[in-house]
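J.: predicted structure and sequence below. I'll ask about it afterward.
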Amino acid sequence: MTLLVRPISRDEFIRAFRLCKPLVLWPETIAIGNSGGPDSTGLLFLLHRYFSENLHVSNLPRRVVSLHVDHGLQVASGDMAKRCTNNAKSMGVEHHVLKVPWSKDGFPKLPTEGPLEHSARLARYRVLFDGMTQVNASILALGHHADDQVETSLMRIMKGSTEDGAAGMKHCRRWGMNFGYFGAGGPMDYEGMRRWIIRPLLTFPKERLLATCEENKLSYVTDETNFQPELTLRNALRQWLANDGKQSEVNIPNILTKDSSHINILDFMLSRNALRSPPGTYLITHRSLASIENPKVQRAIILRILRYASFHPWGSLAAQVNRRTNSLSQIVNKLWGGNPFEEQIRPFCAGGGVSWTPVAISGDKFRFIDRGSNGNINFRNSETFGWLASRQNPPSHETMSGHGFTNPLRVDITSRILSKLDSGDTASLEVLYDNRFIVTMNLASIPPEIEKSIRNPDNRICEVDQWKQIYWRPYEKEIVAPWIEVDFMRPLTTM
């Protein structure tokens, strides 16, 4: 007996879409990365139908916009873009074709040989980011499905990923810093922390999407390069999986269905056990650490704290010591070991740009302890011990200058302020500092005497390496004023 593959029903899609809720309210507009294939075409149809039929429901997006990236890497790319445009218009959906500006605006030259996928992927995400800005969308929906999830997990396992990484893609993730950006700097570094990527189709195999397209008479294009195993590792895996039978909801590998309950409770545990400490640091008592006995949870907590306190871009592997087993084991062994003062464990850094320092804690206060000449440690009444995770101390300005390096923590922002003022733009200026703080300056309220002073070439406004301080250099005086706000922007939460 032949079993018919069912298209995705309204109720099924609603349940899947609810799994994608970000940590903020749904925006007015959601963009979708539309390649024109069956996956994104099916997702575009499902999203548009859901929003159109539920205009009376509060706190739902009202508009979906289709974004197609023309990489210009194939002879047929122009034709694919036209067909994608026609398909979107047939559904009544606003559509934009975005071309990759190779060799311009920081993009590399058009790749013509060798592995193209990496450059194409980075370019695609940067162009999609700019497209989201154009249509005022803070969320990008992508059409990855259950088959893609299997391929992603197997690729990560083959590259040595741990169980956490092998769990695959998330229904919702923060865009993060530097994702899809050529080089460093630019608005993607901080604006990416306000944007989200959702994948509503991760629970559905591809055959359900094909059935959805067929049921609703949706036209789509097929990219033949997706089936050429010599081009990418993903294509080779795709062919291997196809030869071994298609995936379905019931035969996804065990690695994707293993118990992940420890991930779901991390937010609660990190929030409950955190003590008050300076912005960008994490303070916890040894007693709280000792209550966490599950090795998976211990490791997951360390990874989360690393991502929070690091100066590397949020969401990058560098911010999590590249998930190196040796580094993570070193941190876990020291933090979950005995009394660091009795065992003479000094402050240490195991990578990721994060220092771990043993401290004495009393209530919601902590202090650093210097050993006396006899090496004894004297705890005060009611004090216990714990650990402070903080940004790794940078080299001194003199040390960096002596080796011919520019101190990345001493940032002159005078020209950026004057450029906006001279153009008549008095909107707020946002500057990302150390990948950790966002400095917002309301230029409409800048005091006239400061504006007049910085027009003198001898006077500068710099961000310096005493966190959260801005100095007006002629007086080495901290500017504390209502026209300046400084906020730590790296979340400790899952997303």
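T.: Great, that's in hand.
J.: least trustworthy helix or strand in this structure by mean pLDDT?
T.: In the chain, no helix or strand scores lower on mean pLDDT, DSSP states H and E than strand 470-472, which sits at a mean of 37.
J.: and residue 336, what does it touch?
T.: Residue 336 sits next to 289, 290, 292, 298 when contact means C-beta atoms under 8 Å, 6 or more residues apart in numbering. Every C-beta, even on glycine, is put in place using the N, C-alpha and C of the backbone.
J.: same question but for residue 317, I mixed them up
T.: residue 323.
J.: what does residue 447 give?
T.: Contact analysis of residue 447 by C-beta under 8 Å, 6+ apart lists 481, 483.
J.: how much space separates it from residue 481?
T.: Plainly put, residue 447 is 7 Å away from residue 481 if you go by C-beta to C-beta, to the nearest Å.
J.: what ranges does the stretch 351-495 of the chain have for its helices?
T.: Ranges of helices within the stretch 351-495 of the chain are 397-402, 414-422, 448-454, based on DSSP state H, counting those that start in this stretch.
J.: pretty sure residue 355 is touching residue 346, no?
T.: No. Look at residue 355 against residue 346 with C-beta atoms under 8 Å: they stay out of range, at 10.6 Å.
J.: higher neighbour count, those two?
T.: Per other C-beta atoms under 10 Å, whichever of residue 355 and residue 346 has more neighbours is residue 355, with 17 against 10.
J.: one step back: any chance of the helices of the stretch 351-495 of the chain in TSV, plus distance to residue 32?
T.: TSV is the format used below for the helices of the stretch 351-495 of the chain (distance: least, C-beta to C-beta, whole Å):
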stretch	distance to residue 32
helix 397-402	45
helix 414-422	33
helix 448-454	44
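J.: so, low pLDDT: which residues of the stretch 351-495 of the chain?
T.: Counting by pLDDT under 70, the stretch 351-495 of the chain has low-confidence residues at 371-376, 397, 463-480.
J.: distance of residue 93 from residue 34?
T.: In terms of C-beta to C-beta, residue 93 sits 9 Å off from residue 34.
J.: identify the bridge partners of the nearest residue to residue 368 once chain neighbours are set aside.
T.: Distances taken as C-beta to C-beta, 6 or more residues apart in numbering place residue 359 nearest to residue 368, at 5.9 Å, with adjacent residues excluded. Beta-bridge pairing of residue 359 under DSSP bridges involves residue 386.
J.: over to residue 139?
T.: The partner residues for residue 139, given DSSP bridges, come to residue 196.
J.: ok, it - contacts?
T.: 22, 26, 27, 30, 31, 61, 195, 196, 197, 198.
J.: rounded mean pLDDT for the longest helix seen in the chain, please.
T.: Assignment by DSSP state H gives helix 117-135 as the longest helix of the chain. Mean pLDDT, helix 117-135: 90.
J.: mind giving me the packing neighbours of that helix?
T.: strand 29-33, strand 63-70, strand 94-99, helix 188-191 (3 or more C-beta pairs under 8 Å, 6 or more residues apart in numbering; DSSP states H and E).
J.: now do 10 Å
T.: For helix 117-135, the packing partners by 3 or more C-beta pairs under 10 Å, 6 or more residues apart in numbering; DSSP states H and E come out as strand 29-33, strand 63-70, strand 94-99, strand 139-141, helix 188-191, helix 233-243.
J.: could you list the paired strands of the second one along with their orientation?
T.: When you say that, I think you mean strand 63-70. Looking at strand 63-70 with DSSP bridges, its partner strands are strand 29-33 (parallel), strand 94-99 (parallel).
J.: helix, strand or coil for the residue nearest to residue 17 when sequence neighbours are not counted?
T.: Spatial nearest neighbour of residue 17, excluding adjacent residues (C-beta to C-beta, 6+ apart): residue 200 at 5.0 Å. Taking DSSP: H, G, I helix; E, B strand; the rest coil as the rule, one finds residue 200 in the coil state.
J.: now do the one 3 residues further on
T.: The three-state label for residue 203, taken from three-state DSSP, comes out as coil.
J.: centroid-nearest residue for this structure?
T.: residue 176 (2.4 Å; C-alpha atoms, centre = their mean).
J.: need the pLDDT of that one.
T.: 89.
J.: name the SS class of the residue lying closest to it once chain neighbours are set aside, please.
T.: Closest residue in space to residue 176, ignoring its immediate chain neighbours: residue 315 at 2.8 Å, by C-beta to C-beta, 6+ apart. Judged by three-state DSSP, the three-state class of residue 315 is coil.
J.: how about residue 23, what does it touch?
T.: Contact analysis of residue 23 by C-beta atoms under 10 Å, 6 or more residues apart in numbering lists 172, 174, 196, 491, 493, 494, 495.
J.: circling back: pretty sure the residue nearest to residue 176 contacts residue 192?
T.: Yes. Between residue 315 and residue 192 there is a contact under C-beta atoms under 10 Å: 8.0 Å.
J.: what about the two, which has more around it?
T.: residue 192 (24 against 19).
J.: and the closest residue to the more buried one other than its chain neighbours, how many neighbours does it have?
T.: Spatial nearest neighbour of residue 192, excluding adjacent residues (C-beta to C-beta, 6+ apart): residue 175 at 4.1 Å. Applying other C-beta under 10 Å, we find 24 residues neighbouring residue 175.
J.: ok, back up a step: nearest to residue 267, of the strands paired with strand 63-70?
T.: The closest of these to residue 267 is strand 29-33. By C-beta to C-beta, the value is 24.5 Å.
J.: pretty sure residue 321 sits in a helix.
T.: Yes. Counting by three-state DSSP, residue 321 is found in a helix.
J.: for residue 408, see how far away residue 454 is.
T.: Going from residue 454 to residue 408 by C-beta to C-beta gives 22 Å.
J.: with residue 135 instead?
T.: According to C-beta to C-beta, residue 135 and residue 408 sit 34 Å apart.
J.: again, but for residue 427
T.: Taken as C-beta to C-beta, the span from residue 427 to residue 408 is 26 Å.
J.: between those two, which one's more packed in?
T.: Just comparing residue 427 and residue 408: by other C-beta under 10 Å the higher neighbour count belongs to residue 408, 14 against 9.
J.: now that one. Its backbone dihedrals?
T.: Note on residue 408: backbone dihedrals following degrees, to the nearest 10 are phi -70, psi -10.
J.: how many other residues sit next to the nearest residue to residue 110 once chain neighbours are set aside?
T.: Nearest residue to residue 110 in three dimensions, chain neighbours excluded: residue 102, at 4.0 Å (C-beta to C-beta, 6+ apart). By other C-beta under 10 Å, the residues close to residue 102 number 16.
J.: confirm for me that residue 102 is in contact with residue 126.
T.: No. Judged on C-beta under 10 Å, residue 102 makes no contact with residue 126 at a distance of 11.7 Å.
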